[in-house]
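In: Curious how this folds, go ahead:
(one chain, ligands or ions: 1)
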Amino acid sequence: MTKYKTIDTDILVIGSGIAGLRFALKAADLGDVLVVTKSSASKGATRLAQGGIASVLGGDDSFETHISDTMDASRNLAKPDVVRKIVEHGPDAIAELLEIGVPLDTVEGDEDALSLTQEGGHSKRRILHVADATGRAIEEAYIRAVREKDNISLLQNHCAIDLITRHHLDEGHPLKKEPVTCWGAYVLDEETGHVKTVRAKVTLLATGGGGCVYKHTTNPSVATGDGVAMSYRAGATVSNMEFFQFHPTMFYDPGGDNFLITEAVRGEGGILRNSSGERFMEGMHPRMELAPRDVVSRAIDEQLKTRGDTNVFLDLTHKSEDYIKSRFPNIYKHCAERGLDITKEWIPVVPAAHYMCGGVRVDLNARTDIINLLAAGEVAFTGMHGANRLASNSLLESMAYAQFAYESCRENIRDVSPLPELPEWDDTGVFDRREWVIVRHIREEIRSVMWDYVGIVRSDDRLEAAKRFVDFLYSQIDSFYRQNPVNRDVIELRNLAILGWLIINSAQKRPESRGLHFNSDHPEIDSEYAKDTDLISSLFQREKHLRDGYIGFV
Ligand SMILES: Cc1cc2nc3c(=O)[nH]c(=O)nc-3n(C[C@H](O)[C@H](O)[C@H](O)COP(=O)(O)OP(=O)(O)OC[C@H]3O[C@@H](n4cnc5c(N)ncnc54)[C@H](O)[C@@H]3O)c2cc1C
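Out: Predicted coordinates:
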């Protein structure tokens, strides 16, 4: 067994998006903070957010209206007390953004008035933004602020593998039968391959979403659902995973970077066509291309499935060249760099997994049901979004829960019991079988199965087939994981399989269609299911299954 030194810190933050960084900045008042993050610090979804952040800032808007818009979008599955707490936090969050130097756009000619735009589902203008790159400005400002604090250390290229809980202690340890408590995490240094044991009084999970479980996604490559999978393995409750939001139009560019084609293109007259040139939204919905996102995504999905095509097209060629270049300069430039002139050619697009509404269940104070483990941001299931997320509510939710997590930490950190000695990472028995190609192939298989069977339109049969398939793949991955030195690819693959499995199981627990979850065998909403879907793992049950030779996992 290789031994590496344990790192002690007061507070461990896993993830460096808006949730992790805001929390770290505040928690620095309470002790030493260590932020670990996969890849480079700004690789998460925060940097990609274009539209903006929702907040009520007076005028003809009110908290009540924002709450009611959010509840409507959620198909009444959101929790009113949570929505209120988050919405009412909005003005404080915006004040902090200005304080740390985020250059929010102001009204032309009035530098004191913040510019507010409106997005689908919001009945008032309440979206604050920095041109069409709001997230980048926010991420950069928080990274700057965090770097200025002496007692915050930021470790990039450090990937958390597992939360450390009683499950890692030896049999017979006195804490083995105590309620599950988090004492930190095992973290892989991606550059050296060493696994560090990080011991902390309080851990914040801020690992973002998991769009990479689907073949097409707008998410960055780090979005592999690690936080959800780690928490589930440790025994936390994971909720509402069936509600995954798909964006109707991502640029179809196999092998290229994910690139969103904003809704505004359809708003300005863009026409959706199939490979025969037919305008397939005709007859589908009175608003055609401007139907709600889930309706447009389903229509595209049907075209792809029935025609066997890889993508549909968005046609702007009836607009003048000057207009296209001035109205959509970024899209024009991005496509031109890939050899496509959108003033003369149709843009290939596919719907893509965009936002994970479910996650690790937290209470109003950001506490998970594992002691000393808090969660904030997209990884957390707070109860804000219910069956559908309202645009621009997620940055607000991430900021609000970073604040609530800080308050919980402030209340409790002094009462944390002394931390036990933790076992070092044990890599006994692993050897490099040099079969890494398998990892890449299985990753693609999971993403394809999730796309084809558990995507925008689901059915009972497809869900059952997907479950069997993912179960089988997981057994392959698990044995690979146990026999090979750990690296980021295999960590992510194992997490993607668990994430897929959780989405499938949640979807099976909801035999109705509500918001983002559409099952063609149960196309109507059913009041019996107006409740959350909770999944809790039983490690002991899983261990028993493994002993009995069962190849899947529970
Ligand atoms: C293209 C796009 C546009 C969007 N536009 C908007 C918008 O306009 N408005 C809005 O409100 N929302 C928008 N969203 C959603 C919003 O950006 C995210 O929900 C939000 O940024 C999530 O913040 P976060 O801090 O939870 O996660 P992220 O910003 O994704 O950060 C997660 C961090 O965790 C790290 N991490 C993950 N796993 C591990 C691990 N195992 N170990 C260590 N580190 C790990 C990642 O590297 C990353 O640093 C958009 C999302 C996308 C993809």
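In: Now residue 34: phi and psi?
Out: phi -120, psi 120 (degrees, to the nearest 10).
In: ignore the last one, residue 6
Out: Taking degrees, to the nearest 10 as the convention, residue 6 sits at phi -80, psi 140.
In: beta partners for it?
Out: Note on residue 6: beta-bridge partners by DSSP bridges are residue 197.
In: What parts of the stretch 201-350 of the chain come near the ligand?
Out: By C-beta under 6 Å from any ligand atom, the residues of the stretch 201-350 of the chain that approach the ligand are 206, 207, 208, 218, 219, 222, 226, 260. Glycine gets a C-beta too; all of them are placed from N, C-alpha and C.
In: and the first one, what does it touch?
Out: With contact set as C-beta atoms under 8 Å, 6 or more residues apart in numbering, residue 206 has these partners: 13-17, 19-20, 23, 227, 375-377, 379, 402.
In: In helices only, show me those.
Out: Among the contacts of residue 206, the members falling in helices (DSSP state H) are 19, 20, 23, 227, 402.
In: From those residues, pick the one nearest the ligand.
Out: Checking the ones in helices among the contacts of residue 206 against the ligand with C-beta to the nearest ligand atom, the nearest one is residue 19 at 3.6 Å.
In: Count the residues that sit near the spatially closest residue to that closest one that is not a sequence neighbour.
Out: Using C-beta to C-beta, 6 or more residues apart in numbering and skipping the chain neighbours, the partner closest in space to residue 19 is residue 377 (2.8 Å). Residues contacting residue 377 under the criterion other C-beta atoms under 10 Å number 34.
In: Hmm, residue 377 is touching residue 401, no?
Out: Yes - with contact defined as C-beta atoms under 8 Å, residue 377 counts as touching residue 401 (6.7 Å).
In: any common contacting residues for the two?
Out: residue 19.
In: can you give me the helices in this protein?
Out: 18-27, 63-73, 80-99, 134-147, 226-234, 263-267, 293-307, 321-327, 329-337, 393-412, 436-453, 460-483, 488-508, 539-547.
In: Output the contacting helices and strands for the first one.
Out: In terms of contacts (3 or more C-beta pairs under 8 Å, 6 or more residues apart in numbering; DSSP states H and E), helix 18-27 is packed against strand 6-14, strand 33-36, helix 134-147, strand 195-205, helix 393-412.
In: contact partners of it?
Out: If you take C-beta under 8 Å, 6+ apart as the criterion, helix 18-27 is touched by 11, 13-14, 33, 35, 37, 46, 96, 135, 138-139, 142-143, 145-146, 149, 152, 202, 204, 206, 208, 376-380, 395, 398-399, 401-403, 405-406, 409.
In: Type out the ChimeraX command that picks the buried ones from the residues you listed.
Out: To isolate the buried ones among these in ChimeraX, judged by 16 or more other C-beta atoms under 10 Å, type:
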select :11,13,14,33,35,37,46,96,135,138,139,142,143,145,146,152,202,204,206,208,376,377,378,379,380,395,398,399,401,402,403,405,406,409
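In: Next one: the residue nearest to residue 143 when sequence neighbours are not counted from the ligand, what distance?
Out: Using C-beta to C-beta, 6+ apart and skipping the chain neighbours, the partner closest in space to residue 143 is residue 41 (5.7 Å). Distance, residue 41 to the ligand, by C-beta to the nearest ligand atom, to the nearest Å: 6 Å.
In: For residue 41, give me phi and psi.
Out: Residue torsions, per degrees, to the nearest 10, at residue 41 are phi -60, psi -30.
In: quick one: residue 139 and residue 43 touch, right?
Out: No - between residue 139 and residue 43 there is no contact under C-beta under 8 Å: 9.6 Å.
In: If you rank every helix and strand of the protein by mean pLDDT, what lands last?
Out: Every helix and strand in the chain was compared by mean pLDDT, DSSP states H and E; the lowest is helix 539-547, with a mean of 42.
In: residues in the stretch 351-500 of the chain within reach of the ligand, list them.
Out: Residues of the stretch 351-500 of the chain lying near the ligand (C-beta under 6 Å from any ligand atom): 355, 377, 378, 379, 392, 393, 394, 395, 398.
In: If we only consider those, which is nearest to the ligand?
Out: Distance to the ligand across those (C-beta to the nearest ligand atom) is lowest for residue 377, with 2.2 Å.
In: Now do the same contact list for that closest one.
Out: Residue 377 neighbours (C-beta under 8 Å, 6+ apart): 15, 17, 18, 19, 20, 206, 207, 208, 397, 398, 401, 402.
In: Now do the phi/psi pair for it.
Out: phi 90, psi -160.
In: Next one: the residue of the stretch 101-250 of the chain found nearest the ligand from residue 47, what distance?
Out: Closest approach of the stretch 101-250 of the chain to the ligand (C-beta to the nearest ligand atom) occurs at residue 208, with a separation of 2.6 Å. Distance of residue 208 to residue 47, given as C-beta to C-beta, to the nearest Å: 11 Å.
In: which residues are in contact with both of these two?
Out: residue 17.
In: Quick check, pLDDT for the closest residue to the ligand within the stretch 401-550 of the chain.
Out: Nearest to the ligand in the stretch 401-550 of the chain, going by C-beta to the nearest ligand atom, is residue 491, at a distance of 6.8 Å. Looking at residue 491, its pLDDT reads 95.
In: Give me the neighbour count for it.
Out: 22.
In: Check the one 3 residues further on too.
Out: Residue 494 is flanked by 23 other residues according to other C-beta under 10 Å.
In: what sits against it?
Out: When contacts are counted by C-beta under 8 Å, 6+ apart, residue 494 touches 229, 474, 477, 478, 481.
In: you'd agree the residue nearest to residue 143 is up against residue 154?
Out: Yes - Residue 41 is within contact range of residue 154, at 6.2 Å (criterion: C-beta under 8 Å).
In: Pick out whichever of those two has more residues nearby.
Out: Using other C-beta under 10 Å, the more surrounded residue of residue 41 and residue 154 is residue 41, with 23 against 20.
In: How about the contacts made by that one?
Out: 16, 143, 154, 156.
In: let's see 10 Å
Out: 15-17, 20-21, 35, 47, 139, 142-143, 146-147, 154-157 (C-beta atoms under 10 Å, 6 or more residues apart in numbering).
In: likewise residue 378?
Out: 15, 17-19, 44-46, 206-211, 219, 223, 225, 227-228, 355-359, 389, 394-395, 397-398.
In: returning to that earlier point: what residues are shared contacts of residue 139 and residue 43?
Out: Here residue 139 and residue 43 have 16, 17 as joint contacts, going by C-beta under 10 Å, 6+ apart.
In: For the residue in the stretch 1-150 of the chain positioned nearest to the ligand, give me phi and psi.
Out: Per C-beta to the nearest ligand atom, residue 17 is where the stretch 1-150 of the chain lies closest to the ligand, at 2.1 Å. Recorded main-chain torsions at residue 17 are phi -90, psi -160, according to degrees, to the nearest 10.
In: please renumber so the chain begins at 3
Out: In the new count, where the first residue is 3, that last one comes out as residue 19.
In: For residue 420, see how far away it is.
Out: Applying C-beta to C-beta, the value for residue 19 to residue 420 is 32 Å.
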